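1. Below is the structure, and that's it, no one-letter string:
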DNA sequence: TCTATATTTCTAGATATATCGAAATATTGG
DNA sequence: CCAATATTTCGATATATCTAGAAATATAGA
C-alpha cells in the first residue's frame, strides 16, 4: 500500500503544475490519437526543452505514454491510469480502519455521485 | 476555465507529496469528525511545524477545512471538493473540442466505474 | 550525402518546497 | 495568575523544480 501511496503522490505531483495540467488536458482531449511534441508546443506555447522536461515527468509518473514513430514522438494520455488515480482518494476512504482513535464516531459522507 | 485549471493544479499539487497524501487519507478516513493536529501527528510521525506547514498548504488548496475549537484545531477533508477534483481530468475530456487537429479519430474510453 | 525537421541533452540561474528545532502564542483548568 | 497543553511562527538549510537558450542527436526526403 505504501508503494501505491507513493505512486499516487507522484501522479498527483505530475498533475500539480498549471503547465503540465494544461498539457495533460490537451492529451486527454486528443484521445487515443495522441499528439506530437510539436503539436503540444503549438497549443501551449511552452518552450521545447521545458515541454520535454514536463513530458518526461508525466511519463515517469505513468500519466502518459510516449511512442517513437520515425522522427516524431506520439504522446498519449494513459486513460486507465487516469481513471484509477482520479478515484484514488475516495476509494481509499473506507479501505482501512475507519474509526478515529479519539473514540468519536466517524461521520459518514454520501457516496460519490460521479 | 483558466481559474479552474489553476485551482485544480493547486489541488493536485497539494496531494502530490507522500506526507501530505498520507495526512489527507487520515482525514478522509476520519470522516466528518475530523482530526486534531495532534492526532495527525501521532498517526504520521510528522514533526509539528512540518505538519502545520502541510496542513496550511492543503487548506489553501481547498482540500481540507480547519475549525478552531478552544485550544485545538479540527481538520476535516473537504469531501465535496475531493469528489470534484477526482473527476476533473476525465470530466474535462469532452468539455472542449474533442477532435484532434490532425484529423485522426479520437478514442473513447469507458466511464469510470467508481 | 546533404538538408531540413523533430526532439533531446546540456547548462545554469531563479524560485519554490521540505524539513525541523526552538521560541512564541493561545487557551483551559486550577 | 500560573502551569500545562495545543498549535503556530521564526529561522535556517537542504533539496527539488521551473525555465529556457544553445548545442547535440536522429531521421526522412531530395
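-> Yes, it's here. Keep in mind it's a predicted model, so treat the numbers as computed, not measured.

2. now check the lowest-mean-pLDDT helix or strand in chain A, is it near chain B?
-> Using mean pLDDT, DSSP states H and E, the weakest-scoring helix or strand in chain A turns out to be helix A:88-92, at a mean of 84. Yes - judged by C-beta under 8 Å from any C-beta of the partner chain, helix A:88-92 comes into contact with chain B at A:88, A:89, A:90, A:91, A:92. Using the backbone N, CA and C atoms, a C-beta is placed for each residue, glycine as well.

3. Please name every helix or strand in contact with that helix.
-> helix B:18-30, helix B:79-86 (3 or more C-beta pairs under 8 Å, 6 or more residues apart in numbering or on different chains; DSSP states H and E).

4. what do you get if the cut-off is 10 Å, keeping everything else the same?
-> helix A:2-15, helix B:18-30, helix B:79-86 (3 or more C-beta pairs under 10 Å, 6 or more residues apart in numbering or on different chains; DSSP states H and E).

5. closest to residue B:8 out of those?
-> helix B:79-86 (6.4 Å; C-beta to C-beta).

6. ok, the residue lying closest to residue A:21 once chain neighbours are set aside - contacts?
-> With C-beta to C-beta, 6 or more residues apart in numbering or on different chains as the criterion, residue A:21 has its nearest non-adjacent residue at 4.6 Å, and that residue is residue B:9. Contacts of residue B:9 were listed using C-beta atoms under 10 Å, 6 or more residues apart in numbering or on different chains, and they are A:15, A:16, A:17, A:18, A:19, A:20, A:21, A:22, A:24, B:16, B:61, B:88.
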